[in-house]
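Visitor: Below are the sequence and a predicted model; questions follow.
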Amino acid sequence: MKVIAALVVSGVLVVAGAVPATASDRARAAELVDRTARVVRVVDGDTVVVRDSTGEHRVRLLNIDTPESVDPASPVECLGPEASTFLSTRLPAGTTVKLVHDRIKHDRYGRELAAVYVGGAFVNGEIARAGLADALVIGGNDRFYDDVLAAQRSARAAKLGLYAESVPCTVPGQVAAFEQSAATLAGQPPAAGAGVEAFDAYAAQLTVAAATGAAVSAVLAADPRDHRLLGLNVGRIRTLSTRTAAAQAAVTVRVGETTTWRATEAARVAAEQAAAAQAEAERVAAAAQAEAARAVKAAARKRTPAAPAPAPAAPVAPAAPPVDSYTGCRAYGSGGTSLDDKGRRYTKIDCTTKAPLG
């Protein structure tokens, strides 16, 4: 996409710089007629090299502007490679094409300006209908503009190509992705009691989302001729801006709420820590008190004298032999086994044999 100078006139993007650059270019343009040629190669999404009986010619397709993909001085733009692939597939080398011109037949770069047809198919319009080109007027060439614009509106209504919200690099895709991210974040805040770290992580995610929203909003606020807004009319840009602003507001609300939630969580954690510290202090005090009580008891035991040892038991005298009323013969002596009525010891004996009786 090369834009030298452009202005919007009645909703039509008009690009200056399509007047032939030299006298020889103007003379060649005057002789140029509609004709057929064969494709040599595709340069990018809106430029093709063809060959006819006079040689090779670089042809810029009229009334379309596709994202840049090959200009070494410009970054590759969203769907630029896809536009080139579309044209390469539609116009493979050797394809016979018909070139149809408008009033101005060359641009300032020497490229031939033409509508390209394959059979009865209008290739310029096909690219726009795929959502890969913006409709524009180069210089005063507007012969095919209405057809291209109708094709572009069809793509926009169908949300194809540059208008697809499912393609991440498109502006509608960026808006849709931001909306989804904001909605997901807004719906998944940390639960109460999740911890301060969880709320800090959530706040960081919200910060990233807010930055993304600001970046998307900045693109939408750019000049409508900015390549990033290719194909988006003022109404579409306004709609996307409104959607972006709503998602940004939701993120901003969550940022404020998260600040409050974090403060509440921090206070809860601090209270729990204080309670735990108090409980530990009480436990330590109780343990110290129990230890002091044990020490007092131990000291008391040391101060109490030991009880005297019990006296040894007195020896037990042998039992006295029982008193007997025996009247027979006796042998008195200390070893006697009986006592007489006077307490003297004697042994009972046989009167005849003098032997002890049993």
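Guide: Cool, got the structure. Numbering: from 1, shown residues only.
Visitor: most centrally placed residue in the chain?
Guide: For the chain, the residue sitting closest to the mean C-alpha position, by CA atoms, centre = their mean, is Gln205 at 7.8 Å.
Visitor: My guess is it contacts Leu185. True?
Guide: Yes - because the distance of 5.8 Å satisfies CB atoms under 8 Å, Gln205 is recorded as touching Leu185. Just so you know, the C-beta spots here come from the backbone N, C-alpha and C atoms, and that holds for glycine as well.
Visitor: my guess is the residue nearest to the centre of the chain is in a strand, correct?
Guide: No - counting by DSSP: H, G, I helix; E, B strand; the rest coil, one finds Gln205 to be helix, located in no strand.
Visitor: any idea how far it lies from Asp34?
Guide: 59 Å (CB to CB, to the nearest Å).
Visitor: tell me the secondary structure for Gly94?
Guide: When states are read from three-state DSSP, the local structure at Gly94 comes out as coil.
Visitor: Name all residues that make contact with it.
Guide: Gly94 makes contacts with 38-39, as judged by CB atoms under 8 Å, 6 or more residues apart in numbering.
Visitor: swap in the one 3 residues further on?
Guide: Under the criterion of CB under 8 Å, 6+ apart, the contact partners of Val97 comprise 36-39, 48, 50, 91, 116-118, 123.
Visitor: which one of those residues is nearest Leu339?
Guide: Top of the list for closeness to Leu339, among the contacts of Val97 and by CB to CB, is Leu91 at 157.0 Å.
Visitor: out of the contacts of Val97, which are inside strands?
Guide: If you go by DSSP state E, the contacts of Val97 have 36-39, 48, 50, 116-118 in strands.
Visitor: Weed out the non-buried ones from the residues you listed.
Guide: 37, 39, 48, 50, 116-117 (16 or more other CB atoms under 10 Å).
Visitor: Between those residues, which sits nearest Ala274?
Guide: Val48 (76.8 Å).
Visitor: any idea how far Val97 is from the closest one?
Guide: Between Val48 and Val97 the distance, using CB to CB, works out to 8 Å.
Visitor: before we move on, back to that, of the buried ones among the ones in strands among the contacts of Val97, just say which sits nearest to Thr212.
Guide: Checking those against Thr212 with CB to CB, the nearest one is Val48 at 37.7 Å.
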